[in-house]
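Peer 1: Generate coordinates for the sequence data below:
(2 chains, ligands or ions: 2)
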Amino acid sequence: MIKVDGLAKRYKDVPALNGISFEVSRGQTFGLLGPNGAGKTTAISILCGLVRADGGTVALAGQTDPTRPEVRRVLGLAPQSLAIYEDLSAQKNLEFFARLYGYSGKNLSRRVDFCLDVAQLTERRRHRVGTFSGGMKRRLNLACALLHEPDILLLDEPTVGVDPQSRNLIFDTIDRLKEGGATILYTTHYMEEAERLCDRVAIVDHGLLLDVDRVDALIENHGGLSHISLELSGPVVDILQLKKALGDDSLTLEDQQLRFKSLDPMEALSQLQGLGLDLHKLRIDRASLEDVFLNLTGRRLRDS
Amino acid sequence: MKRLFYLARKDVAVLLSDKANLFWVIGFPVVFALFFGLVFSSTSGGDSAMNMKVGLVDLDQSVQSRRFTEDLGAEEGVELIAMSMDQARDEVRKGKVTAALILNENFSANDGMGFGPDASAMQIMSDPSCQMQTAYLQGIVTKTRFTGFRDFFTDKERADEQFQFWRDGIAKDASLNPLLRATCMTFFDSLESFTDQLRESEAGAEMPDDFMTIETVSIQVDEDGGDFPAQGFQVTLPQCILWGIIGCVATFAVSMVREQTTGTFARLCVGPVEKTHILAGKGLACFFTSVMVVTFLYVLAKLLFHVSIGNLLYFAVAVFCTIFCFVGIMMFVCTLGRTEQAVGAAGWGLLMIMSMLGGGMMPLIFMPKWMQDAGAISPVKWGIYAMEGAVWRQFSFSEMLVPCGVLLGIGVLFFAVGSTILNRRIS
Ligand SMILES: Nc1ncnc2c1ncn2[C@@H]1O[C@H](COP(=O)(O)OP(=O)(O)OP(=O)(O)O)[C@@H](O)[C@H]1O
Ligand SMILES: [Mg+2]
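Peer 2: Numbering: from 1, shown residues only, chains lettered A, B, ... in the order given. Ligands and ions are numbered 1, 2, ... in the order given. Predicted coordinates:
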């Protein structure tokens, strides 16, 4: 559905994209995860034809020119900067954009009502958008992208600066869209969102695509070791024997508290059971996308 | 085409939802027009002219001076206040009276009717800043002199009085030799019987009217002989309309930039709208808003101030051309910066300069010649000129062509430059 190959873009002396490639198949939710300035918005802008790339190609629904009417019909964009008129009401905003897409009469009000419901703004439909909270504006910004029932959705940080309640609402909306079979390109710098929503995630930094895969595969490949801590009951075994069995030299044992790291926590636990230990109060901290990013770039996602 | 309409309608709705915008497109022009309209209606001495207070210093204190004062005082628009010379000087200086009229001691002796060779017989003392009023006063004084002259032929009592005065003067003058004195007396006798006959004849009855006709024409030339509109609000209507249009241009230029800086432009471009549509939609919205504002101002002028428009069709054409021109300028103005603040400031700056040069602030007729010439580079001048042509300059069709053509030309030029820059910027 979406195919990006060797995309490159420079703004004067700032390289925004350094040749990134990825592919999103129909019905998939694809995450672009990266810190500020990674080039996420630039990639989206090129994809929808707002910015011309210096190099590389894009293909949307089989078309290489995203400005073609056939592509526009199936393409929905929720830009990072709010794309709604603050001086108009929520309903007027939706009606205006719906009219541009050729809706009128019953169809128009059906779509507008649907989108107001999605954004949970039905009660405030007649209020000026300027009076809305940040979360409400974001919800409307997303709803405007859904008006014409597009097959491909480009969502550029749709949850930036919103309260947890609005965020959950937006997550629910995206879940519904996924069920409806939409192909979604989702950019974010929140790894939790990428983990929660995306089937596949691309890690981008400084205009480079570091890796792209399913979330669990990324963690497996780059996440490193899981942290395991457990309380032992019963007699304590020799610590050297434990280190040898679990293959972790940094293992510690203090007052029945055992702490160690492992690539495969489940395998480690069965080994412990094989040693005849009684396990009690177990806690496993699995590696996350945060660790993936840390291992790939040497920086933490939040710090960069 | 439908989309263009939706785009334009949305822009108008956005504009109207903001009270500050409403002030710039309607409030400000009306306040402006009211202010200057009142100023000009008191200076140009039109229908709604206020009473001009004029100090009167009668140093002659003769029958003639009193009669002249009486006639002048009967004129509309002039209120005479008798005062001493010092008082007059003081009150003119303080602006309590607009001017002072001084009838010197030689007023009656000079000619009795103000036609003598001695210019000092009558003087007008005025504030240099009130040249307009002074000119108006001169006009009225001239008219009064002619009226007095006409009355000499038509009013027996008046003629008798004058003859008596001349005869007394001849009789009293000891330096005159008897022969000359007798000749003068005979001349006066025959002149008197001639005027008596004239008065009784048909010709005499008509003659005063002829005098009046000439007189009326000459005064009218003073008042609205092409250089001056009859009503103050006729001067300010074109200016007021221009300010309304300028307000629209500035607000739409800013809204164009706002569209680009917020995400809405991206959303429109990704939707089924061409970039040129978005530009054209803005232009159309600016055009329609300007038309609405001008219509509103026109109705206001008509209802509240009874401004009469010489040629309504030409007026509509002039307004159309002016708005067209300024929509083009709007396209250019919104390229002057990349933020709302930058475009707002640069736009108002440019429009102010155009307005200042083109007589949008002070009518060009009040400006020095070189500035009037320099104003030709400003579209404001041509806009006002075209509208004035329709309102009170009584332009013919071919005279209208020049300013309207210039306006359309400037509009196309700015439109081309502006939309080229914009197109380059957004792609
Ligand atoms: N119009 C522009 N002119 C100049 N430089 C730009 C422009 N747009 C983006 N850049 C630069 O390109 C780089 C990538 O920007 P981009 O907006 O794509 O990042 P992003 O991943 O979307 O970041 P964020 O999470 O902050 O939205 C940045 O260094 C940015 O400064
Ligand atoms: Mg971004």
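Peer 1: Secondary structure element holding the nearest residue to residue A:256 once chain neighbours are set aside?
Peer 2: Among residues not flanking residue A:256 along the chain, residue A:232 sits closest, at 4.9 Å (Cβ to Cβ, 6 or more residues apart in numbering or on different chains). C-betas here are computed from N, CA, C, even on glycine. Assigned by DSSP states H and E, residue A:232 belongs to strand A:226-233.
Peer 1: got a list of contacts for that strand?
Peer 2: A:256-265, A:268-269, A:272, A:277-287 (Cβ atoms under 8 Å, 6 or more residues apart in numbering or on different chains).
Peer 1: and those residues, which of them are in strands?
Peer 2: A:257-262, A:278-285 (DSSP state E).
Peer 1: What lies in contact with stretch A:140-149?
Peer 2: A:73, A:76-79, A:82-84, A:90, A:93-94, A:97-98, A:101, A:103, A:111-112, A:114-116, A:118-119, A:121, A:129, A:132, A:153-155, A:158, A:170, A:173, A:177, B:263, B:267.
Peer 1: Which of the residues you listed fall within strands?
Peer 2: Residues of the contacts of stretch A:140-149 located in strands (DSSP E): A:76-78, A:153-155.
Peer 1: closest to residue A:16 among those residues?
Peer 2: For those, the closest approach to residue A:16 (Cβ to Cβ) belongs to residue A:154, at 16.6 Å.
Peer 1: who's sitting farthest from the centroid in chain A?
Peer 2: Within chain A, residue A:235 marks the point farthest from the mean C-alpha position, 46.4 Å out by Cα atoms, centre = their mean.
Peer 1: Return the distance of stretch B:85-96 from the chain's centre.
Peer 2: 27 Å (Cα atoms, centre = their mean, to the nearest Å).
Peer 1: Also stretch B:395-408?
Peer 2: Counting by Cα atoms, centre = their mean, stretch B:395-408 comes out at 20 Å from the chain centroid.
Peer 1: Need the mean per-residue confidence for that stretch.
Peer 2: The predicted model assigns stretch B:395-408 a mean pLDDT of 92.
Peer 1: Alpha carbons of it, as CSV, please.
Peer 2: Extracted in CSV, the C-alpha atoms of stretch B:395-408 (Å, rounded to 0.1, in the frame of the first residue of the first chain):
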residue,chain,number,x,y,z
PHE,B,395,-16.3,62.2,-15.6
SER,B,396,-17.3,61.2,-19.1
PHE,B,397,-17.0,57.6,-20.2
SER,B,398,-13.6,58.2,-21.8
GLU,B,399,-12.4,60.1,-18.7
MET,B,400,-13.4,57.0,-16.6
LEU,B,401,-11.3,54.7,-18.8
VAL,B,402,-8.0,56.1,-17.7
PRO,B,403,-8.2,55.5,-13.9
CYS,B,404,-10.1,52.2,-14.4
GLY,B,405,-7.5,51.0,-16.9
VAL,B,406,-4.6,51.9,-14.6
LEU,B,407,-6.3,50.1,-11.7
LEU,B,408,-6.9,46.9,-13.7
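Peer 1: For it, list every residue counted as buried.
Peer 2: Applying a neighbour-count criterion of 16 or more other Cβ atoms under 10 Å in any protein chain shown, one finds B:395, B:400, B:403-404, B:406-408 buried in stretch B:395-408.
Peer 1: same thing with stretch B:245-263?
Peer 2: Going by 16+ other Cβ under 10 Å, stretch B:245-263 has these buried residues: B:245-260, B:262-263.
Peer 1: do the same with stretch B:189-196
Peer 2: B:192, B:195.
Peer 1: Just the C-alphas of it, formatted as CSV.
Peer 2: Extracted in CSV, the C-alpha atoms of stretch B:189-196 (Å, rounded to 0.1, in the frame of the first residue of the first chain):
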residue,chain,number,x,y,z
ASP,B,189,-29.7,114.0,-13.0
SER,B,190,-29.6,112.2,-16.4
LEU,B,191,-28.3,109.0,-14.8
GLU,B,192,-31.1,109.2,-12.3
SER,B,193,-33.8,109.7,-14.9
PHE,B,194,-32.2,106.8,-17.0
THR,B,195,-32.3,104.4,-14.1
ASP,B,196,-35.9,105.5,-13.3
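Peer 1: mind checking how far it is from the chain centre?
Peer 2: 46 Å.
Peer 1: which outside residues touch that stretch?
Peer 2: For stretch B:189-196, the external contacting residues (Cβ under 8 Å, 6+ apart) are B:152-153, B:156, B:159, B:163.
Peer 1: tell me the contacts of the residue nearest to residue B:272 when sequence neighbours are not counted?
Peer 2: Spatial nearest neighbour of residue B:272, chain neighbours left out: residue A:72 (5.4 Å); criterion: Cβ to Cβ, 6+ apart. Shown in contact with residue A:72 (Cβ under 8 Å, 6+ apart): A:66, B:270-272.
Peer 1: ok, now how distant is residue A:72 from residue A:148?
Peer 2: 9 Å (Cβ to Cβ, to the nearest Å).
Peer 1: what does residue A:31 give?
Peer 2: 24 Å.
Peer 1: Name the residue in those two with the higher neighbour count.
Peer 2: residue A:31 (28 against 20; other Cβ atoms under 10 Å in any protein chain shown).
Peer 1: wait, is the residue farthest from the centre of chain A part of a strand?
Peer 2: No - if the criterion is DSSP: H, G, I helix; E, B strand; the rest coil, then residue A:235 is coil and not within a strand.
Peer 1: For it, report the pLDDT, please.
Peer 2: pLDDT, read off for residue A:235, is 71.
Peer 1: do the same with residue B:168
Peer 2: pLDDT, read off for residue B:168, is 82.
Peer 1: List the buried residues of the helix or strand in which it is found.
Peer 2: If you go by DSSP H and E, residue B:168 is part of helix B:156-172. Across helix B:156-172, burial judged by 16+ other Cβ under 10 Å covers B:159, B:162-163, B:165-166, B:170.
Peer 1: Can you lay out these as TSV showing distance to ligand 1?
Peer 2: Formatted as TSV, the buried residues of helix B:156-172 follow (distance: Cβ to the nearest ligand atom, whole Å):
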residue	distance to ligand 1
B:159	92
B:162	91
B:163	96
B:165	93
B:166	94
B:170	99
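Peer 1: Turn those into JSON lines, including distance to residue A:47.
Peer 2: Putting the buried residues of helix B:156-172 into JSON lines (distance: Cβ to Cβ, whole Å) gives the following:
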{"residue": "B:159", "distance to residue A:47": "101"}
{"residue": "B:162", "distance to residue A:47": "101"}
{"residue": "B:163", "distance to residue A:47": "106"}
{"residue": "B:165", "distance to residue A:47": "103"}
{"residue": "B:166", "distance to residue A:47": "105"}
{"residue": "B:170", "distance to residue A:47": "110"}
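Peer 1: Which one of those residues is nearest to residue B:369?
Peer 2: Of all these, residue B:369 sits closest to residue B:162, with 44.8 Å by Cβ to Cβ.
Peer 1: Let me know whether that closest one touches residue B:151 as I believe.
Peer 2: No - the criterion here is Cβ atoms under 8 Å, and residue B:162 misses it with residue B:151 at 9.3 Å.
Peer 1: Now for residue B:96, how many residues are close by?
Peer 2: Residue B:96 has 12 nearby residues by other Cβ under 10 Å.
Peer 1: next one: residue A:244
Peer 2: 12.
Peer 1: wait, what's in contact with it?
Peer 2: With Cβ under 8 Å, 6+ apart, residue A:244 has no contacts at all.
Peer 1: Count the neighbours of whatever residue of chain A ends up closest to chain B for me.
Peer 2: Residue of chain A nearest chain B, by Cβ to the nearest Cβ: residue A:83 (3.2 Å). Residue A:83: 25 surrounding residues under other Cβ under 10 Å.
Peer 1: With the one 4 residues further on instead?
Peer 2: Neighbouring residues of residue A:87 were enumerated by other Cβ under 10 Å; the total is 20.
Peer 1: Could you do the one 10 residues further on as well?
Peer 2: As a burial measure, the neighbour count of residue A:97 was computed by other Cβ under 10 Å and equals 28.
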